[in-house]
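> sequence isn't available, so here's the structure alone:
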């Protein structure tokens, strides 16, 4: 009964999209879906379907999908639940290749009518092997082809990038994407899997593993219907691309609120952590950690070991990071004699020149900062580098030294940073460093250090033990 | 030998400031201090002192402080360490009332010369009871009187507000303030206490407790020279104003890096936590937590108990928050019959209407959202409210309902929120809600929930046990 990978690929890459329940009225979700498709610059054919309209947003509307003079690859359905089974039959007769079912009112409601409807739909699609995203979803987005098949046009503000996001919560997915827009973090595909008629986490992981635009798979989950399937799928691909997951509903109240009716794994966090770890899935515990870690995995090489160097233009951030690294299983290594010799040449004796290095006396001097960074990047004891610097009036230009780092990036060691300045001063410069894959930047030294801990945790999950 | 509160008050409210080591050269810190004072709009007299200049930034410069035809309340010293003892003598002869000693090179360096200089200075100021901020500091800022006595003019971009920040790290203080500028969080006074010649955490806490512009005292600390003094001072004022503290250097590497030579408490986090808790100081574990908690304490009433209501426009954020509340000692209470009845009137049966409430079906309807919020605010079981809503195209206007909340704020219960929207859409609106003290907003539901946990932790510290 499982949906084939190839049919999911078609769902994400349609040539034509029909919106069944399209509307001109802003109070209707069908209006916002039309906005998403049209404003999102989808280059394929967009066909509004609504028996009461001749034209919607400047596009000719049709009364039903039945008599359409075009082939339809994707149907987005935004109609009351009770109408959906008949529409499904029409879609299948028409040869639709994939469905996004935004409508709610199926098995998530406390009413047997919803469960009946859900089962009716499941039977219909089973015959045809047509993949369905939803029901009860905001939709899905394939940024690579400018397809915003959701009721939120703002998803099209996202930058294209390597993160594939699969979310069981529309709210969390919206929040993650708003955070990503503000922080210039790019996505490949975003899917609200909703109540999972036949496309669940396992199918999405399997698909995104093959998707060449996706480098990291990020999952937000509450309850899982078929945890074994997800775990097995993840195991098959262990080490191919990182999978990271944030699972909520681990306390009993959250768990009952998430109404995980049919999960065969209990809601308890520890059970999930164990199963995730075995499957090479990195468990995380907040939307911030999920997004931070996804950003680093998409933008940085993995460290080849737990050895970390902490370089800080001011002592405080280095001390805070040292605490987190130590608690998180990283080694704050001793430098080789060569590296230490080089640092001793650059920094005066009054500075803290061993790891963590307080570059204080060198912080007005971009060459000093970069000289230390270069030496540390080449140090065989160092697998990853944490770099912190706050830039204000007195040292504002020292950030420019980092531009010359490029040629040493061949070392393939992650450089995770907290570079901070007053708003508007170095925002573009830091964005540029990240786009050039020189470094991955975070708003605080603690978040940067936690990311390094998580890169190392992920590495430990996938190496042969 | 302890500095009097009144003399610290004079230090923060000078009528005239001399910058000893003022400079026209951007490579010198004395240039940036002059920028801070002049660009910061300090209304008092600013007197550059430098034997080699006639005029600095349009102000007449004097060769030394000795022959100055004015009284000097505050001297900011930016000269090499070895020159400082003589300058101190001059300052005292001149009757200077306070000193900000930016110069480094005293006891923090691994050189006995530095320790000697430090002790020499300590002796000089002991005679005169003149408070000194530093040495080895960026300076201090009194936002209420537009006094930016630091080498960072960007501190003047901060908004005036109720947080008094005392930091042992210039880097962390700069970072916290850049974060605060970006997030519109206001401060009363900011002090880099540096190497604490005679003004330490205890003196600053004592002073800020009396300062009517300060509502919350936030401390960033690495090592403490006189922990007992801080603990005793905090105990004296227990419950008067919140004191929150982030202490780093708790692992052995961070601890040794923080070079806390003379602390009588060890670096270990647990020992500090215990002592802090007894003194009513709330311990926190990141700059983010320090700033989030300070913001909430400055902008919100304290909850009167551990009972919390979680209201979410989309289920996911509510589930994530429920996990954190449960683990953090809050009670996700049952509503009274009256409240539950009101919610049942507003939300259809298919919604999750008990705590945590999924307001999903009401999220397009501002009246529904506010109706539920009002009922919950009046519920005697509820001491604090967590409210989450993500706003995009389909529900973008429902945020407006919150404007009508004002008249119920008499209930004096904290409303901690994560309201999020794409950039530029509701930023000003949310800022307005916070300025009107309707709510305190955070970027994620987890951070909002942790803040509520911390408000309750603080309440538990100060109530009689």
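On my side now, so go ahead. From a predicted model like this one, the values you see are computed outputs, not experimental measurements. Numbers count the residues shown, from 1 in each chain, chains lettered A, B, ... in the order given.
> every contact and neighbour count from this point should use C-alpha atoms.
Will do.
> okay, and the closest residue to residue A:346 other than its chain neighbours sits in which element?
Closest residue to residue A:346 apart from its sequence neighbours, by CA to CA, 6 or more residues apart in numbering or on different chains: residue A:368 at 6.1 Å. Here residue A:368 is covered by helix A:366-377, with elements defined by DSSP states H and E.
> bridged to residue A:163, which residues?
residue A:187, residue A:216 (DSSP bridges).
> chain A - how does it break down into domains?
A:1-135, A:158-299, A:301-462 (automatic domain parsing).
> what is the three-state secondary structure of whatever residue of the stretch 351-465 of chain A ends up closest to chain B?
Nearest residue of the stretch 351-465 of chain A to chain B: residue A:422, at 5.1 Å (CA to the nearest CA). Following DSSP: H, G, I helix; E, B strand; the rest coil, the label given to residue A:422 is coil.
> isn't the residue nearest to residue A:346 right next to residue A:344, touching?
No: contact criterion CA atoms under 8 Å: residue A:368 and residue A:344 do not qualify, at 11.0 Å.
> of those two, which one has the most company?
residue A:368 (20 against 16; other CA atoms under 10 Å in any protein chain shown).
> phi first, then psi, for residue A:19.
Backbone torsions of residue A:19, given as degrees, to the nearest 10, read phi -110, psi 100.
> which residues does it bridge with?
residue A:48, residue A:76.
> and it, what pLDDT?
pLDDT recorded at residue A:19 is 98.
> ok, it - how many residues close by?
27.
> show me the helices in the stretch 251-400 of chain A, by range?
A:252-258, A:269-278, A:287-299, A:315-327, A:337-346, A:366-377 (DSSP state H, counting those that start in this stretch).
> turn those into CSV, including distance to residue A:169.
Listed next are those as CSV, based on distance: least, CA to CA, whole Å:
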stretch, distance to residue A:169
helix A:252-258, 10
helix A:269-278, 18
helix A:287-299, 12
helix A:315-327, 30
helix A:337-346, 48
helix A:366-377, 41
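> could those be laid out in TSV, adding mean pLDDT?
Output for these, formatted as TSV (pLDDT from 0 to 100):
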stretch	mean pLDDT
helix A:252-258	68
helix A:269-278	85
helix A:287-299	97
helix A:315-327	95
helix A:337-346	95
helix A:366-377	90
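> which of these is buried the deepest?
Of all those, helix A:315-327 has the most neighbours on average by mean count of other CA atoms under 10 Å in any protein chain shown, namely a mean of 26.
> show me what it is packed against.
Here helix A:315-327 touches strand A:307-312, strand A:331-332, strand A:357-358, helix A:445-462, helix B:170-182, helix B:252-258, going by 3 or more CA pairs under 8 Å, 6 or more residues apart in numbering or on different chains; DSSP states H and E.
> what does it rub up against?
The set of residues external to helix A:315-327 that reach it, using CA atoms under 8 Å, 6 or more residues apart in numbering or on different chains, is A:310-312, A:331-332, A:356-360, A:388, A:445-446, A:448-450, A:452-453, B:169-172, B:222, B:248-251, B:253-255, B:257-258, B:286.
> please apply the same query to stretch A:242-251.
Counting by CA under 8 Å, 6+ apart, A:215-223, A:234, A:254-258, A:267-269, A:280-287, A:290, A:294, A:297, A:458, B:316, B:319-320, B:322-323, B:326-327 sit against stretch A:242-251.
> do that again at 7 Å, thanks
A:216-222, A:255, A:258, A:267-269, A:281-286, A:290, B:319-320, B:323, B:326 (CA atoms under 7 Å, 6 or more residues apart in numbering or on different chains).
> before we move on, what about stretch A:176-195?
A:133-144, A:155, A:157-170, A:200, A:213-214, A:287, A:295, B:421-423.
> please pick the buried ones from these.
A:133-143, A:155, A:157-170, A:200, A:213-214, A:287, A:295, B:421-422 (16 or more other CA atoms under 10 Å in any protein chain shown).
> restricted to strands, list these.
A:133, A:139-142, A:159-167 (DSSP state E).
> quick one: those residues as JSON lines, columns for distance to residue A:304 too.
Formatted as JSON lines, these follow (distance: CA to CA, whole Å):
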{"residue": "A:133", "distance to residue A:304": "38"}
{"residue": "A:139", "distance to residue A:304": "38"}
{"residue": "A:140", "distance to residue A:304": "35"}
{"residue": "A:141", "distance to residue A:304": "34"}
{"residue": "A:142", "distance to residue A:304": "32"}
{"residue": "A:159", "distance to residue A:304": "29"}
{"residue": "A:160", "distance to residue A:304": "28"}
{"residue": "A:161", "distance to residue A:304": "24"}
{"residue": "A:162", "distance to residue A:304": "21"}
{"residue": "A:163", "distance to residue A:304": "22"}
{"residue": "A:164", "distance to residue A:304": "24"}
{"residue": "A:165", "distance to residue A:304": "26"}
{"residue": "A:166", "distance to residue A:304": "28"}
{"residue": "A:167", "distance to residue A:304": "30"}
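> what is the nearest of those residues to chain B?
Using CA to the nearest CA, these come closest to chain B at residue A:167, 9.7 Å.
> what's the pLDDT at that closest one?
On the pLDDT scale, residue A:167 gets 97.
> which parts of the helix or strand harbouring residue A:116 are buried?
Secondary structure from DSSP H and E places residue A:116 in helix A:112-128. Under the neighbour-count criterion of 16+ other CA under 10 Å, helix A:112-128 has A:114, A:115, A:117, A:118, A:121, A:122, A:124, A:125 buried.
> got any ranges where the stretch 101-250 of chain A has weak pLDDT?
A:109-110 (pLDDT under 70).
> so which residues on it come close to chain B?
A:109-110, A:151-154, A:169-172, A:174-175, A:178, A:182, A:248-250 (CA under 7 Å from any CA of the partner chain).
> may I see the ChimeraX selection of the buried members of these?
Buried members of those, defined by 16+ other CA under 10 Å, are picked up in ChimeraX with:
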select /A:151,152,153,154,169,170,171,172,174,175,178,248,249,250
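> what's the helix or strand for the closest residue to residue A:463 other than its chain neighbours?
In this structure, residue A:463 finds its nearest non-sequential neighbour in residue A:239, 7.9 Å apart by CA to CA, 6+ apart. Per DSSP H and E, residue A:239 falls between elements, in no helix or strand.
> ditto for the one 10 residues further on
Assigned by DSSP H and E, residue A:249 falls within no helix or strand.
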